Structure formats: structure tokens, C-alpha cells
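Asks: Using only what follows, build the 3D model:
(one chain, ligands or ions: 2)
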Amino acid sequence: MPAAELLFDPHFLPLPAAQTLLAELRGSIAWKHEPIRLFGREVMQPRLTAWHGDAGASYRYSGLQLQPQPWTPALLRLRQQVEAAAGARFNSVLLNLYRSGQDSMGWHADDEPELGPEPVIASVTLGATRNFRLKPRDPQHTAHGPVTLPLTTGSLLLMRGPTQRHWLHALPKTARPVGPRLNLTFRLVR
Ligand SMILES: O=C(O)CCC(=O)C(=O)O
Ligand SMILES: [Fe+2]
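Replies: Numbering: from 1, shown residues only. Ligands and ions are numbered 1, 2, ... in the order given. This is a model prediction of the structure:
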């Protein structure tokens with residue numbers, strides 16, 4: 001993948017730890033079902049979300065101004081492990097809960113100005129395996145994509161360097177019967 005920097009550790013968390021953390025976060029996080037503005041219309045996001053982080057790490061996302069909830073002990077513990085693996089600091093985390101194969105995320109880049117020019121995004125997956133897709137932004141480079149990366153439970157995906165500038169990513173729906181999947185993306189908001 002030209003102009004991308006991706007690192008993938010399928011065994012970042014041992015399976016029992018991933019299972020325990022999934023159950024704990026599903027039950028303890030105050031999940032929200034939020035609208036987004038799409039082409040001037042309000043539509044509900046096809047997933048549940050939560051945003052946790054340092055006070056002051058507020059963030060605009062898909063037309064929403066998100067104020068972070070405080071860190072929970074489980075999220076702080078995970079942040080510490082992710083920071084050690086990534087060799088980077090994070091002050092916030094966006095949580096997405098895909099309840100079934102009908103929940104999804106459309107094509108986008110994590111390129112909000114408050115993330116800076118070359119953000120490090122650390123993505124932890126818990127639960128069902130879903131296909132993460134990446135494609136070049138430049139239509140002239142479509143031969144390089146889309147690339148499909150099945151994100152398995154306990155895995156850690158790092159996106160860094162020029163990735164967000166040159167690539168879009170998405171999590172499409174699937175007709176396969178799949179259980180819930182929880183994804184956490186750790187970010188540094190400036
Ligand atoms: O669920 C995923 O793997 C992707 C999440 C994502 O792209 C985001 O939160 O910006
Ligand atoms: Fe993203």
C-alpha cells in the first residue's frame with residue numbers, strides 16, 4: 001500500500017482477556033445512538049458510540065461536537081497497554097459498538113484538523129471478526145484498493161504516517177450472521 005503505514009498485531013490481547021473486556025465494556029459504557037448530518041439530513045448512525053478521554057479533549061466528528069466522558073479503570077488500563085505497543089500517547093478513545101452485521105461505518109478518513117497532519121490511530125477490536133476496508137483517495141490509484149483486512153478479536157491495528165491523508169477506510173455491512181463487535185480507536189486530540 002503506497003503512502004500508507006499500517007501495523008497489525010492479531011494477538012495484542014490474549015483471547016480470554018479480550019472476551020472479559022468485551023463483556024465488561026458492553027455492560028458498563030453508556031452507549032449512545034447518535035444522529036449524524038448526511039447531505040443536510042439527520043440520520044441515525046448505524047452503530048452505538050461512546051467517547052472517553054481527558055477533560056478538554058473535545059472533538060468534532062461527522063458534524064457532532066463530542067465532549068469526552070471520563071476514563072474508566074478498564075479504559076485506562078487498555079490505554080496504557082496500547083500506548084506501550086504503539087510507542088505513542090493518546091488522550092481520548094472513540095468506542096463503536098456494531099450490534100450485528102447490519103451495523104457499519106461508511107468511507108472516511110480520521111483526518112480532523114485537531115488530530116494533526118500525521119495522526120497515529122490505534123484500533124483495538126473485540127468480538128466478531130469484521131472486514132476493515134481501505135481504498136486510496138486518489139481515483140488514479142484505484143488499482144491499489146480496496147484492501148480488505150479482517151479484524152479479529154484481540155487485535156491491534158495501527159494507522160500512522162501519511163495513511164489518513166491518502167487513504168479512506170470503512171467497515172461495511174455483512175449479510176453473514178455475526179455477533180456484536182466492539183472497536184476502540186485511541187487518538188491524540190490537540
Ligand atoms: O470499527 C472499525 O474498525 C473502524 C472504526 C473507525 O474507523 C473510526 O472509529 O473512525
Ligand atoms: Fe476511522
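Asks: Closest residue of the chain to ligand 1?
Replies: Of the chain, the residue with the smallest distance to ligand 1, taken as C-beta to the nearest ligand atom, is Asn183 at 3.4 Å. Every residue, glycine included, has its C-beta placed from N, CA and C.
Asks: Val43 is in contact with Gly106, isn't it?
Replies: No: at 10.8 Å, Val43 does not count as touching Gly106 under the criterion of C-beta atoms under 8 Å.
Asks: Settle it for me: which of the two has more neighbours?
Replies: A side-by-side neighbour count of Val43 and Gly106, using other C-beta atoms under 10 Å, places Gly106 first with 14 against 10.
Asks: got a list of what the more buried one touches?
Replies: Residues in contact with Gly106 (C-beta atoms under 8 Å, 6 or more residues apart in numbering) are Ala170.
Asks: Helix, strand or coil: sort out it for me.
Replies: Reducing the assignment at Gly106 to three states with DSSP: H, G, I helix; E, B strand; the rest coil gives strand.
Asks: Assign a three-state SS to the residue sitting furthest away from the middle of the chain, would you?
Replies: Among the C-alpha atoms of the chain, the one most distant from their mean position (C-alpha atoms, centre = their mean) is that of Gln140, at 26.7 Å. Applying three-state DSSP to Gln140 yields a three-state assignment of helix.
Asks: Likewise for Arg77?
Replies: Counting by three-state DSSP, the three-state call for Arg77 is helix.
Asks: May I have the predicted confidence score for it?
Replies: Arg77 carries a pLDDT value of 98.
Asks: Same check on Leu64?
Replies: In this model, Leu64 carries a pLDDT of 67.
Asks: Below-threshold pLDDT in the protein: ranges please.
Replies: 61-64 (pLDDT under 70).
Asks: Flag every residue of it that's near ligand 1.
Replies: Where proximity means C-beta under 6 Å from any ligand atom, the interface of the chain facing ligand 1 comprises Leu94, Asn96, Met105, Asp110, Ser123, Phe132, Leu151, His169, Leu171, Asn183, Thr185.
Asks: What about the residues you listed, which one has the most neighbours?
Replies: His169 (25 neighbours).
Asks: was I right about that one contacting Asn131?
Replies: No: applying C-beta under 8 Å as the test, His169 and Asn131 come out as separate, 10.9 Å apart.
Asks: Restricted to helices, list the residues of the chain next to ligand 1.
Replies: Nothing among the residues of the chain next to ligand 1 maps onto helices, per DSSP state H.
Asks: ok, Ala50 - how many residues close by?
Replies: Residues within reach of Ala50, counting by other C-beta under 10 Å, total 21.
Asks: Does it lie in a helix or a strand, and which?
Replies: strand 48-53 (DSSP states H and E).
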